[in-house]
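Undergrad: how would this look folded up:
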Amino acid sequence: MHLKELLNRFNVSHFLFYCLLILQLVLIGLRADGIISGPYSALFFPLWLWNVLVGVAVVMGVVRWCKSSRDYREDSELLYQFKSMLLSVFFQSFIFITLLLIAVNIDTSSMPWSVSLSPLFLLPFFSIPSCLWSCYRKRSYEIEVMSMAFLLQFIFLAVRLDGAVNWAWSVVFIPIWLLFLAYLAGMIVMGVSTGLVYLLGENQQDLEQRKLPDILYFVFSSLLLLCLIIFMSLLSSRLDNNITGPYSAILIPLYLSLFCLIGLSTCRKPTNVWWFGIRKSFSDFLLLSVPLLQEYINVSYYNNQHTVLPTKDDEDKNKIKKKPEEPGTLDWPYEDIYAPE
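TA: Model prediction:
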């Protein structure tokens, strides 16, 4: 198991977003319980901070792209990542506008909720072509999928908050219950398919390297679904006045689900190399910035009973061609440590 490979899977942007979202939910829970006071436009400070970071990151990425050499810009992989960053900012701008309208509407009640949520109604129309492009280029498209999946839920929320219908909140959340069922079905299929791959796979060396990330992904995804189901059940019951209690306590399962998402950020695709213009993977950037970490990352662990050590031919096949003018890419031999039997 290479520690550097695990670090390469770490998505720092997801990790930072989920941490800020936890802080945001803590503030909302305290505000709903009356423990703190103040306008929601100020209460949304963690989300405003996230949007500022996104703006700074994309500006630095565009500037670095413009200053790069022609050969560097013509590299197809880097070009796709740059376009992917611009697409991500385009979709996040819709979310920023929605948050701004929601904060203003909560503080002033100056517009219908259908108007406040209108940017989210438009988002799925752009999500379909973006998903097709991202699938073809093997890029992440979480925002696009979420916007399409939750479109019906946004509509239900808007008509309920505007008073057009007087449904119970457990009924309003029907689209989310259906999404949970679809998620559960996907988890079952993923678990069965992953088990078959490990049982019937021929290349045991590659499977051993992928085993830990796949197991972590499955465990965190299962815990995420369980926590979300508990949270939505408590929230709908609290809004329907079937139970009583502080909102801070009801939000605890949601906090746990966000911790699961933080765990999943270590099992996903790495961060786009153009954010903040770092032009390299996060692991290389971190190790170049903090050389002391190289002593701990430059280690791989093997179990004598199960792991087949790589041969010289395997190492030659796994070498990655360096990008033109790519500064500071780390390339060092691993020190092998064998676990005692």
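
Undergrad: in which helix or strand would I find the residue nearest to residue 29 when sequence neighbours are not counted?
TA: Leaving aside its sequence neighbours, residue 29 sits nearest to residue 248 (CB to CB, 6 or more residues apart in numbering; 4.0 Å). Where C-beta positions appear, they are placed from N, C-alpha and C, glycine not excepted. Assigned by DSSP states H and E, residue 248 belongs to helix 247-250.

Undergrad: now do the next helix or strand after that helix: which elements does it pack against?
TA: Going down the chain from helix 247-250, the next helix or strand is helix 252-264, by DSSP H and E. Applying 3 or more CB pairs under 8 Å, 6 or more residues apart in numbering; DSSP states H and E, one finds that helix 252-264 contacts helix 12-32, helix 204-239.

Undergrad: circling back: neighbouring contacts of the helix holding residue 248?
TA: Here helix 247-250 makes contact (CB atoms under 8 Å, 6 or more residues apart in numbering) with 26, 28, 29, 30, 32, 33, 35, 231, 234, 235, 238.

Undergrad: report the two of these separated the most.
TA: Maximum pairwise distance in the contacts of helix 247-250, criterion CB to CB, is 19.8 Å, between 35 and 231.

Undergrad: ok, the two, which is more surrounded?
TA: residue 231 (18 against 12; other CB atoms under 10 Å).

Undergrad: what about that one, distance to residue 246?
TA: Between residue 231 and residue 246 the computed distance is 14 Å (CB to CB, to the nearest Å).

Undergrad: could I get the pLDDT score of the residue nearest to residue 29?
TA: Residue 248 carries a pLDDT score of 90 in this model.

Undergrad: tell me which of the helices and strands packed on helix 252-264 sits nearest to residue 167.
TA: helix 204-239 (10.9 Å).

Undergrad: check for me that residue 166 belongs to a helix.
TA: No - counting by DSSP: H, G, I helix; E, B strand; the rest coil, residue 166 is not part of a helix but coil.

Undergrad: tally of neighbours for it?
TA: Look at residue 166: counted by other CB under 10 Å, it has 6 neighbours.

Undergrad: and the pLDDT for it?
TA: Reported pLDDT for residue 166: 89.

Undergrad: what's it sitting at in phi/psi?
TA: Here is the backbone geometry of residue 166 (degrees, to the nearest 10): phi -120, psi 40.

Undergrad: so where's the stretch 1-150 of the chain uncertain?
TA: In the predicted model, the stretch 1-150 of the chain carries pLDDT under 70 at residues 1-9, 69, 71-74.

Undergrad: could you redo the last one with a cut-off of 50?
TA: Confidence mapping of the stretch 1-150 of the chain against pLDDT under 50 gives the ranges 1.

Undergrad: show me the helices in it, by range?
TA: For the stretch 1-150 of the chain, applying DSSP state H, counting those that start in this stretch gives helices covering 3-8, 12-32, 40-43, 45-67, 70-73, 76-108, 113-116, 118-137, 142-149.
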